[in-house]
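Peer 1: The following comprises the amino acid sequence and a computationally predicted model.
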Amino acid sequence: MKQVTATGQSVDEAVKSALAQLNTTRDRTEIEIVDEGKKGLFGLFGSRNAVVRVTLQPDPIEESVEFLQNVSEKMGVSVEVKVKRDGKNVSFQLSGEKIALLIGKRGQTLNSLQYLTQLVANKYSKQYLNVMVDAEDYRNRRHETLIQLAERMAHKVARTGKEVALEPMPSYERKVIHTALMNDPNIKTISSGNEPYRHLVITPIKNK
């Protein structure tokens, strides 16, 4: 957290000086008036400069990018982070060599990074942010894999008449499967278990 103390003939001038030193705008700072100053007689005798202490508030996006770069570096991966923001939705796209290390088995490492990045972003944000972390378009490829898995398991359940429990998945992955199968008249999907072991169960619908 950056902080500077600045002086000026008025509080406004002192604040402008501090903002210039921090290279930022007033809306990104917290301003504390240390001394309002005094003009003095004829503006000369007994005058005293105003003093302010200005603190630069952390930016949630910048903090998140720094977090992702630091964690990746400690894992031996040098990454480039591209950010896309649409209102409360923020996407961090990772690219670089050895990117598979950041994805992990079935995206488990990437999911953990996403969870931690969301914590970092919302620690510094005034409004709740929905964070998505992706690496080399893994999310889209995983989405297609989940749909194929859903269709394959639904066919198995309808054929055998026996329910199938899938592996634990984060909520948005369970939603992909649920959405893919919601119009299938032969099966239904229910969530079972507690996080982080919550999973989907595909069960047959018994026709009377």
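Peer 2: Sure, I can see it.

Peer 1: What ranges does this structure have for its helices?
Peer 2: Assignment of helices within the chain using DSSP state H yields the ranges 11-22, 60-74, 100-103, 108-124, 138-160, 171-181.

Peer 1: burial measure for Leu101, as a count.
Peer 2: 14 (other CB atoms under 10 Å). C-betas here are computed from N, CA, C, even on glycine.

Peer 1: residue contacts, it?
Peer 2: Neighbour list for Leu101: Met75, Gly76, Val77, Thr109 [criterion: CB atoms under 8 Å, 6 or more residues apart in numbering].

Peer 1: just Pro168 next, same as before
Peer 2: Per CB under 8 Å, 6+ apart, neighbours of Pro168: Gly193, Pro196, Tyr197, Arg198, His199.

Peer 1: Quick check: the gap between it and Val176.
Peer 2: 14 Å (CB to CB, to the nearest Å).

Peer 1: So which of the contacts of Leu101 wins on neighbours?
Peer 2: Val77 (18 neighbours).

Peer 1: Leaving out the residues flanking it, which one is nearest to that one?
Peer 2: Nearest residue to Val77, sequence neighbours excluded (CB to CB, 6 or more residues apart in numbering): Lys98, at 4.8 Å.

Peer 1: hang on, that neighbour packs against Ser72?
Peer 2: No. Here Lys98 lies out of contact with Ser72, judged by CB atoms under 8 Å, at a distance of 9.2 Å.

Peer 1: Of those two, which one has the most company?
Peer 2: Ser72 (22 against 12).

Peer 1: Run through the bridge partners of the residue nearest to Val15 when sequence neighbours are not counted.
Peer 2: With CB to CB, 6+ apart as the criterion, Val15 has its nearest non-adjacent residue at 5.5 Å, and that residue is Val52. Beta-bridge partners recorded for Val52 (DSSP bridges): Ala6, Ile33.

Peer 1: number of nearby residues for Val52?
Peer 2: 25.
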